[in-house]
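*Asks:* Build me a model from this:
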Amino acid sequence: MKLLFTKANTSTPGGGRLLLLLLQTLRTSASASASTPARPQAQSQLQPLRAPSSPPPTTFELLARLDRSVHCQNIQETWYWYRRLLNRRKREPTFPPIRSTSSGGIVPRAQANSTQPVDIHSKVLSILSTRKMHGYTERHLTELTEMIKAVLGHLAAEHRQLTPHQLTQLLGVFATAKRGEAADHLWQYAALSGMARDIACYNAYVNAKIEAGQYERAFEVLREVREGHGGVQPNTYTRTCLIRLYGLTGDLAAAQRTFAFVLGQSTGPAAAAASGADYVAAVDDRGMCAANTHVYTAMMHVLGMNGQLAEMQRLFLQMTGLPETQNLGELTRRTAGLAQRTQGSLWPRRQTLHALVQWHARYWDLRGALQWVVLMHEAFGIRPVPKTFKLVLTPENCLRDLETCAEVVLEMEHRWGVRPPRSVVEAVERAAGKVEEMKEMIRSAEAQSSTLFPGSAV
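*Replies:* The predicted structure follows:
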């Protein structure tokens, strides 16, 4: 700037005055540009294009996501979807029937044509009570129990009652989870709300107490049923629970007396089934009083608890009407391809045959347990399932007869079409590792003995 000023003064007379005017003009334009705001850019350049907003999920979609989260054992996500449902319920106390979903999903015809509002709590309880909980951990069961209690709290705040079917389902959940206190909480809620409880509800509550190991309370409820409290009459499943209780408490004579009493009854669909009618009619219901496969299975478990395997087999042959024999191989050959049961007999279920398999394997009769598996498939056409082999291939049996258990695992998929469960494979691998450790210990003991005492043998 000094150079420019000096050059202007020396080159032209009056150039300094012109330069001062030029500098003032530059200062004025600079201050004006600083005070004037910058022109904004185009709106399309500043903000990216946004996709059109999707409609909020419908009630049935929220229920479907809650069901999926329960299936995936994600209880935290289940809580999230349940709160979403509660918030929607606060905004819309009653929901009109939803005939379509925002994602184009298919709505069941019964829901699409329904004119009744959606009952969120009932649907949530049905979702929570129909899950198979064999893969749940202790934390999952605790969180699931707390969530069911929260749903019941909302029902109580709205002065609503459970239906007998919902009560039975929830008691079944607590029985599977072995939550006796939660079953008591639910039973008290049903009593205080004044709901009518039928014999199926009492049976489910007794079963929950048995599974939780609270036998005294189960006996008390059965006494209430026998004395006619609530206006209910005991049925076959009630007496089945009583037989199980006597067996678990070690009273074999009382269990046999109860079983004989049930066999002496002659009313209900099971009596017709015992005379040769269709087995579908023998499924337990609220009015049945005669013996069916549930009673026989319970009595077989009681006999197995007391180590009476031969009596178990005799009782099974009596139920099915098969000829009495002690040789299971001969019985399998004689009954192979049996199309129907004989007159006056009951067709066994998978649970009945599982009782025989379980107790033969429990008393280390591995060969007998496998023969019952063969009889199940070849004589009665009941396909073995993974649980069948879990009852046979226990860790104790794998240690006692590793070669036989390994052969069964290898032929499971080829012969029975059943993929070996992970627990069974791990039990066989652990048993093989322990057998190798024992062999190594024996070899080291023999080597040490031969070194210390030459010429001697272990």
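*Asks:* tally of neighbours for Gly230?
*Replies:* Residues within reach of Gly230, counting by other Cβ atoms under 10 Å, total 15. Yep, even glycine has a C-beta here, placed from its N, CA and C like the rest.
*Asks:* got the contact list for it?
*Replies:* Arg197, Tyr202, Glu224 (Cβ atoms under 8 Å, 6 or more residues apart in numbering).
*Asks:* buried residues in the host helix or strand of the last one?
*Replies:* By that I understand Glu224. Taking DSSP states H and E as the criterion, Glu224 maps to helix 215-226. Within helix 215-226, the residues that qualify as buried are Arg217, Ala218, Phe219, Val221, Leu222, Val225, counting by 16 or more other Cβ atoms under 10 Å.
*Asks:* For Arg383, which three-state class applies?
*Replies:* The three-state assignment at Arg383 reads coil, by DSSP: H, G, I helix; E, B strand; the rest coil.
*Asks:* Contacts only, for the nearest residue to it once chain neighbours are set aside.
*Replies:* Once its chain neighbours are removed from consideration, Arg383 has its nearest residue in His377; the separation is 6.3 Å (Cβ to Cβ, 6 or more residues apart in numbering). Each residue near His377 by Cβ under 8 Å, 6+ apart is listed here: Arg383, Pro384, Trp416.
*Asks:* Secondary structure element holding His377?
*Replies:* Assigning secondary structure by DSSP H and E places His377 in helix 366-378.
*Asks:* Tell me where the model's unsure across the stretch 1-150 of the chain.
*Replies:* Counting by pLDDT under 70, the stretch 1-150 of the chain contains low-confidence ranges at 1-54, 91-119, 129-136.
*Asks:* neighbours around Phe389, how many?
*Replies:* Residues contacting Phe389 under the criterion other Cβ under 10 Å number 24.
*Asks:* cool, the one 5 residues further on as well?
*Replies:* Number of residues near Thr394 (other Cβ under 10 Å) recorded here: 20.
*Asks:* didn't it look like it was pressed against Ala427?
*Replies:* Yes: Thr394 lies in contact with Ala427 (Cβ atoms under 8 Å); the separation is 7.1 Å.
*Asks:* Find residues that contact each of these two.
*Replies:* Taking Cβ under 8 Å, 6+ apart as the contact rule, Thr394 and Ala427 have no neighbour in common.
*Asks:* which residues touch Leu170?
*Replies:* For Leu170, the residues meeting the contact criterion (Cβ under 8 Å, 6+ apart) are Leu125, Leu128, Ser129, Ile148, Leu162, Leu186.
*Asks:* So which of these is the closest to Thr388?
*Replies:* Of all the contacts of Leu170, Ser129 has the smallest distance to Thr388: 26.5 Å, by Cβ to Cβ.
*Asks:* hang on, the earlier thing: what element comes up after the helix holding His377 heading to the C-terminus?
*Replies:* Sequence order places helix 386-392 as the next helix or strand after helix 366-378, per DSSP H and E.
*Asks:* What helices and strands are in contact with that next one?
*Replies:* Based on contacts counted as 3 or more Cβ pairs under 8 Å, 6 or more residues apart in numbering; DSSP states H and E, the elements that helix 386-392 packs against are helix 350-362, helix 366-378, helix 402-411, helix 422-452.
*Asks:* now for those, which one comes closest to Ala64?
*Replies:* Each of those has some distance to Ala64 by Cβ to Cβ; the shortest is helix 422-452, at 29.6 Å.
*Asks:* Show me the helices in the stretch 201-350 of the chain, by range?
*Replies:* 215-226, 236-248, 252-263, 269-274, 293-305, 309-320, 328-334, 350-362 (DSSP state H, counting those that start in this stretch).
*Asks:* what's the last one packed up against?
*Replies:* When you say that, I think you mean helix 350-362. Under the contact criterion of 3+ Cβ pairs under 8 Å, 6+ apart, the helices and strands touching helix 350-362 comprise helix 293-305, helix 309-320, helix 366-378, helix 386-392.
*Asks:* Give the other helices and strands that the second one contacts.
*Replies:* Packed against helix 309-320 by the contact rule (3+ Cβ pairs under 8 Å, 6+ apart) you find helix 293-305, helix 350-362.
*Asks:* For Phe316, which non-adjacent residue is closest in space?
*Replies:* Per Cβ to Cβ, 6+ apart, closest to Phe316 is Leu356, 6.3 Å.
*Asks:* just checking, the one you found touches Met312?
*Replies:* Yes: if you go by Cβ under 8 Å, Leu356 and Met312 touch, sitting 6.2 Å apart.
*Asks:* Now do the shared contacts for these two.
*Replies:* Taking Cβ under 8 Å, 6+ apart as the contact criterion, the common neighbours of Leu356 and Met312 are Met300.
*Asks:* neighbours around the nearest residue to Tyr246 once chain neighbours are set aside, how many?
*Replies:* By the measure of Cβ to Cβ, 6+ apart, the closest residue to Tyr246 outside its immediate chain neighbours is Ala255, 3.8 Å from it. By the measure other Cβ under 10 Å, the count of residues near Ala255 is 25.
*Asks:* show me what contacts Ala255?
*Replies:* Applying Cβ under 8 Å, 6+ apart, we find Ala255 in contact with Ile243, Tyr246, Gly247, Met299, Val302.
*Asks:* okay, those in a markdown table with pLDDT next?
*Replies:* A markdown table is the format used below for these (pLDDT from 0 to 100):
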| residue | pLDDT |
| --- | --- |
| Ile243 | 94 |
| Tyr246 | 94 |
| Gly247 | 94 |
| Met299 | 95 |
| Val302 | 95 |
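*Asks:* any idea which of these has the most stuff around it?
*Replies:* Met299 (28 neighbours).
*Asks:* and of the contacts of Ala255, the nearest to Met319?
*Replies:* Met319 has its nearest neighbour among the contacts of Ala255 in Met299, at 9.5 Å by Cβ to Cβ.
*Asks:* dump the residue contacts of that closest one.
*Replies:* Contacts for Met299 were tallied using Cβ under 8 Å, 6+ apart; they are Ile243, Ala255, Gln256, Phe259, Leu315.
*Asks:* Is it correct that Pro348 is in contact with Gln318?
*Replies:* No: using Cβ under 8 Å, Pro348 is not in contact with Gln318, being 11.6 Å away.
*Asks:* of the two, who's got more company?
*Replies:* The neighbour comparison of Pro348 against Gln318 (other Cβ under 10 Å) goes to Pro348, with 25 against 14.
*Asks:* confidence score at that one?
*Replies:* According to the per-residue confidence, Pro348 scores 89 in pLDDT.
*Asks:* need the contact list for it.
*Replies:* In this structure, Pro348 makes contact with Thr293, Phe316, Met319, Thr320, Phe380, Ile382, judged by Cβ under 8 Å, 6+ apart.
*Asks:* distance of the nearest residue to the last one once chain neighbours are set aside from Trp79?
*Replies:* Distance criterion Cβ to Cβ, 6+ apart; nearest residue to Ile382, sequence neighbours excluded, is Met376 at 4.8 Å. Applying Cβ to Cβ, to the nearest Å, the value for Met376 to Trp79 is 43 Å.
*Asks:* out of those two, which sits in the more crowded spot?
*Replies:* Per other Cβ under 10 Å, whichever of Met376 and Trp79 has more neighbours is Met376, with 22 against 16.
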